[in-house]
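Undergrad: below are the sequence and a predicted model; questions follow.
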Amino acid sequence: MLLGPLDATGRVPPRQQTRLAAFLVSCHGAMARQLAIALAWQVKANWHTELNAQFYREAEFVSLLLRATAWEPDPELLFLLPSWEAAWLPRPPAGVADRTQGLTIDIAALGHALHSVIRPAALLPVETPAQDPFALSLRKIEFESGRLMQGQILFLKSTELLPLRDAVNAAVESRHLQVRRLWDEMLAGIGVERREAQGTASPAAAATTRRGP
């Protein structure tokens, strides 16, 4: 199902905009915070550059949504937001002795889950005006998610993590299941039922391939 029904001007209802944007601000804001911390740990120039690029992109998503959304009061967010924020907290995978490395793996696994599971532009009806600010923000996020996911895949499949392959796969699987559940619950709360694609590969297997933007 899609967002809507659209109003007379072709806008997504403010209630749906508010709930959807609040969820996206929560998860992308959490990613930005964790990436900012990870930048202080990372000493390898190539990964430092990628983390920096991802940090600014995540921050851009949050800023864009804050400006483009038609917000309205949503009392349910009083208990939804704390549960979402708790879900994004770091959780290093078991079996990784180096805590810094474990936290970096978890950040990449969470990012991969967010950028592959959440496809916000796919929720827009075809008749949504091309220049609608909220629709533009969702399309921007989905487009940029493809590039961000490439960096996460490169890290998760890097040779330095080969000895930790089982731990990495478990972290990716766990984060995908968590994000998918929360995303589906949030959509159900605004009357949108996400339809699962048939024949979808496992999250860990998906992390070995590259998705275009």
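TA: Looks like it arrived, so ask away.
Undergrad: next one, pLDDT for the residue nearest to Arg91 when sequence neighbours are not counted please.
TA: Spatial nearest neighbour of Arg91, excluding adjacent residues (Cβ to Cβ, 6 or more residues apart in numbering): Asp106 at 5.7 Å. Any C-beta I mention is one placed from the backbone N, CA and C, and that applies to glycine too. Looking at Asp106, its pLDDT stands at 94.
Undergrad: what of Arg99?
TA: So Arg99 comes in at 86 (pLDDT).
Undergrad: pretty sure it contacts Pro93?
TA: No - with contact defined as Cβ atoms under 8 Å, Arg99 and Pro93 do not form a contacting pair (10.8 Å).
Undergrad: what about the residue nearest to Arg91, neighbour count?
TA: 23 (other Cβ atoms under 10 Å).
Undergrad: identify the residues contacting it.
TA: Counting by Cβ atoms under 8 Å, 6 or more residues apart in numbering, Asp106 touches 90-93, 171, 175.
Undergrad: farthest-separated two in those residues?
TA: Pro92 and Arg175 (12.1 Å; Cβ to Cβ).
Undergrad: picking that back up, now do the residue nearest to Arg91 against Arg33, distance only.
TA: The gap separating Asp106 from Arg33 is 13 Å, by Cβ to Cβ, to the nearest Å.
Undergrad: so which residue is dead centre in this structure?
TA: Leu114 (2.5 Å; Cα atoms, centre = their mean).
Undergrad: and the nearest residue to it once chain neighbours are set aside, what's its pLDDT?
TA: Computed as Cβ to Cβ, 6+ apart, the closest residue to Leu114 that is not its neighbour in sequence is Cys27, at 5.4 Å. The per-residue pLDDT reported for Cys27 equals 98.
Undergrad: show me where the chain has helices.
TA: 14-41, 45-68, 77-87, 99-117, 133-156, 165-189, 203-206 (DSSP state H).
Undergrad: below-threshold pLDDT in this structure: ranges please.
TA: The model of the chain has pLDDT under 70 over residues 42-46, 194-213.
Undergrad: so His176 makes contact with Val117?
TA: Yes - the pair His176 / Val117 is scored as a contact, 6.2 Å apart, by Cβ under 8 Å.
Undergrad: so what's the residue count around Leu136?
TA: By other Cβ under 10 Å, the residues close to Leu136 number 16.
Undergrad: 16 is where my numbering starts, stick with that
TA: Sure thing, new numbering starts at 16, so read that last one as Leu151.
Undergrad: what's the nearest residue to it if we skip its chain neighbours?
TA: Counting by Cβ to Cβ, 6+ apart, the residue nearest Leu151 is Ala83, at 6.7 Å.
Undergrad: circling back: if you rank the contacts of Asp121 by neighbours, which is first?
TA: In these, the most neighbours by other Cβ under 10 Å go to Ala186, 30 neighbours.
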